[in-house]
Structures are given as C-alpha cells and as structure tokens.
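> Here's a sequence, model it:
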Amino acid sequence: MNKREAMNYARVIERLHMWDFSTYEAETLFRIERTLQRWGERECGDANGGAIERDEKTGKPFWTYERGNGKRGRYAIPDRERGALKRLEKLMESHGKYVAYHQPDCRGCALYIVPVAMLEGASIDSVYNRGLAICV
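This next block holds a predicted model:
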C-alpha cells in the first residue's frame with residue numbers, strides 16, 4: 001500500500017467510525033469489497049478467454065474457458081459473491097441509518113455505504129456515488 005492508498009484507507013476508516021461502525025466492521029467491509037471486486041473482474045473475463053458465468057436455470061456459478069479445439073469448457077466454482085453479500089447484509093442489519101450498495105462494474109469501487117437520509121426518495125442506483133466508497 002502506497003502513501004495515497006494508506007491515507008485513503010485511514011479516511012474511510014475514520015468516516016466509518018464517525019458513523020458508528022467498529023474497526024472490526026470497517027475491516028470486514030474492506031474484505032467484502034475486495035471479494036466483490038475480484039468476483040467482478042473474473043466475471044469480465046481474463047486474457048485467456050476465461051470468465052465466471054452463472055447457469056441460467058440454477059444460478060450456480062461456473063468458470064468457463066476456451067479449450068484448444070474452439071469449444072468452451074466449464075467447471076463449478078464456489079459462489080463467493082453470494083457469501084460476501086450475505087455477510088454484508090448481516091453486518092448492515094445493526095446499522096439501520098445506512099444502506100450498502102454493491103456496484104458490480106469491475107472498473108470502479110464495488111461497495112458503497114450510503115446514509116438513508118441521502119436517498120430522499122431517489123433510487124439508490126442514481127445516488128450511491130454520494131456515499132462512502134469502501135475501497136483504497
């Protein structure tokens with residue numbers, strides 16, 4: 001972690017403390033964000049043509065990849081996204097004044113905490129970036 005990242009991390013931790021999140025909860029939010037970020041990157045795919053895809057009927061995730069003969073192969077993988085979202089939901093239960101938002105685009109921060117007062121009847125999809133980005 002470089003100096004800029006360390007300063008950003010400290011700023012986010014400080015804001016979470018002001019919002020009555022404990023240090024343990026703040027660190028848990030950072031772990032959840034990193035898990036969701038990695039998941040999003042793998043959904044976008046890699047240079048070798050591999051990517052995470054969900055089965056349309058069951059919703060179970062699979063790693064799909066290019067075989068040498070032009071066909072695609074796949075195998076089941078653990079659903080880390082669902083696990084991270086469950087942990088996030090459980091953590092946020094005790095913080096009713098705030099809403100968590102998972103932004104699935106792999107190009108930015110994957111997790112935001114937004115005060116409910118900022119929503120003012122608007123959809124969270126349009127105002128999430130006014131909240132606190134949980135990333136370094």
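
> contacts for stretch 50-63?
Counting by C-beta atoms under 8 Å, 6 or more residues apart in numbering, the neighbours of stretch 50-63 from elsewhere in the structure are 39, 42-45, 64-66, 74-79, 81. Where you see a C-beta, it was placed from the backbone N, CA and C, and this is true even at glycine.

> whoops, I mixed them up, stretch 104-112
Looking at stretch 104-112 with C-beta under 8 Å, 6+ apart, the contacting residues turn out to be 29, 32-33, 36-37, 40-41, 43-44, 88, 100-103, 128-129, 131-135.

> which outside residues touch the lowest-mean-pLDDT helix or strand in the chain?
The helix or strand of the chain with the lowest confidence, counting by mean pLDDT, DSSP states H and E, is helix 124-127 at a mean of 82. Residues from elsewhere that reach helix 124-127 (C-beta under 8 Å, 6+ apart): 99, 101, 114, 118, 119.

> how distant is that helix from the center of its chain?
Taking C-alpha atoms, centre = their mean, to the nearest Å, the mean C-alpha location of helix 124-127 is offset from the chain mean by 16 Å.

> re the thing from before, neighbour-wise, give me the winner out of the contacts of stretch 50-63.
Neighbour counts for the contacts of stretch 50-63 peak at residue 39, which has 23 neighbours (criterion: other C-beta atoms under 10 Å).

> So it: helix, strand or coil?
Reducing the assignment to helix, strand or coil with DSSP: H, G, I helix; E, B strand; the rest coil, the entry for residue 39 is helix.

> check contacts around it.
Contacts here follow C-beta under 8 Å, 6+ apart; on that basis residue 39 touches 52, 80, 81, 84.

> on that earlier part again, what's the ChimeraX syntax to select whichever of the contacts of stretch 104-112 are buried?
A single ChimeraX command is used to select the members of the contacts of stretch 104-112 judged buried by 16 or more other C-beta atoms under 10 Å:
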select :29,32,33,36,37,40,43,88,100,101,102,103,128,131,132,133,134,135
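
> Tell me which entries of the contacts of stretch 104-112 lie within strands.
Applying DSSP state E to the contacts of stretch 104-112, the entries found in strands are 100, 101, 102, 132, 133.
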